[in-house]
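Peer 1: predicted model, plus sequence, below.
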Amino acid sequence: MRARALGADFYDRDTEHVARELLGAVLECTVDGVTVRGRIVETEAYVGEHDAACHASVGRTARTEGLFGPPGSAYVYLIYGMYWCANAVTRAEGLASAVLLRAVEPLHGVETMRRRRLARRDVDLTSGPGRLCDAFGITGPRFHGRSFTRGALRIVEGLAVPDAEVAVTPRVGINAKNAAVDWPLRWIVRDSPFVSARRDTRRWLSATR
DNA sequence: TCGCCGATCGGCT
DNA sequence: GCCGATCGGCGAA
């Protein structure tokens, strides 16, 4: 039987809470009749137009329109001309905020992920926003603007991750001159080998112990 | 294991 | 024109 997807009310809350509670939930994507699943182990919050790292900080444009959409919808964009990144839109329609899905632990369909990715090691299949979209078959044309609450791209309930296993860090890839560079808006399952940017993460965690 | 660099393109100035 | 919520390959250590 099909597991229950998180509903729109789950996403219609503060973005930080959604990002924290998405850890442990299960991302599920079906393309051409093939379903892959993974446990979410890393997320980042992009908290609105006042957040200089959030695309919506430039205002409401054709590109950022999706960020203003209903809670639970998918904001999928192309980065560096070649990688897709998938976000779950949070808060009420009209408020531009979202959670970037940065890494998952593969649970089902690993063979499919290997075929799509051509990665040497399994830890490189889904440890990064571009990698997980590649492994899951998530692209803008397929999924941008659709909903994570139903259909071929869903996030379903999983086992909650206790606070002791969670760490919070600044977001990855934010330029040093960005005012929001140090905001602690990245949530990770501390000991998961599938978290991205492992080197920088280890450095940051040991420096703040 | 670390650090550097090029790929590639749409959105915005 | 410029640059990015990235990634993989390369050479050096």
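Peer 2: Ah, there it is.
Peer 1: could you measure from the residue sitting nearest the centre point of chain A over to A:Arg114?
Peer 2: Centroid-nearest residue in chain A, with C-alpha atoms, centre = their mean: A:Leu101, separated by 0.7 Å. Here the criterion is C-beta to C-beta, to the nearest Å. By it, A:Leu101 lies 20 Å from A:Arg114. The C-beta positions use only the backbone N, C-alpha and C, and glycine is treated the same way.
Peer 1: related to what we said a few turns ago, list the backbone torsions phi and psi for the residue nearest to the centre of chain A.
Peer 2: The phi and psi values for A:Leu101, taken as degrees, to the nearest 10, are phi -90, psi 110.
Peer 1: buried stuff in the worst-scoring helix or strand of chain A on mean pLDDT?
Peer 2: In chain A, no helix or strand scores lower on mean pLDDT, DSSP states H and E than helix A:198-207, which sits at a mean of 84. Across helix A:198-207, burial judged by 16 or more other C-beta atoms under 10 Å covers A:Thr201.
Peer 1: which other helices and strands contact it?
Peer 2: Applying 3 or more C-beta pairs under 8 Å, 6 or more residues apart in numbering; DSSP states H and E, we find helix A:198-207 packed against strand A:166-169.
Peer 1: which residue ranges of chain A form helices?
Peer 2: Taking DSSP state H as the test, the helices found in chain A are A:8-11, A:15-22, A:110-117, A:129-136, A:140-143, A:198-207.
Peer 1: now distance to A:Val161 too, for those, in JSON lines please.
Peer 2: JSON lines is the format used below for those (distance: least, C-beta to C-beta, whole Å):
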{"stretch": "helix A:8-11", "distance to A:Val161": "15"}
{"stretch": "helix A:15-22", "distance to A:Val161": "9"}
{"stretch": "helix A:110-117", "distance to A:Val161": "21"}
{"stretch": "helix A:129-136", "distance to A:Val161": "18"}
{"stretch": "helix A:140-143", "distance to A:Val161": "25"}
{"stretch": "helix A:198-207", "distance to A:Val161": "16"}
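Peer 1: among those helices, which is the most enclosed?
Peer 2: Highest mean neighbour count among those (mean count of other C-beta atoms under 10 Å): helix A:129-136, with a mean of 24.
Peer 1: quick one: mean pLDDT over it.
Peer 2: When pLDDT is averaged along helix A:129-136, the result is 98.
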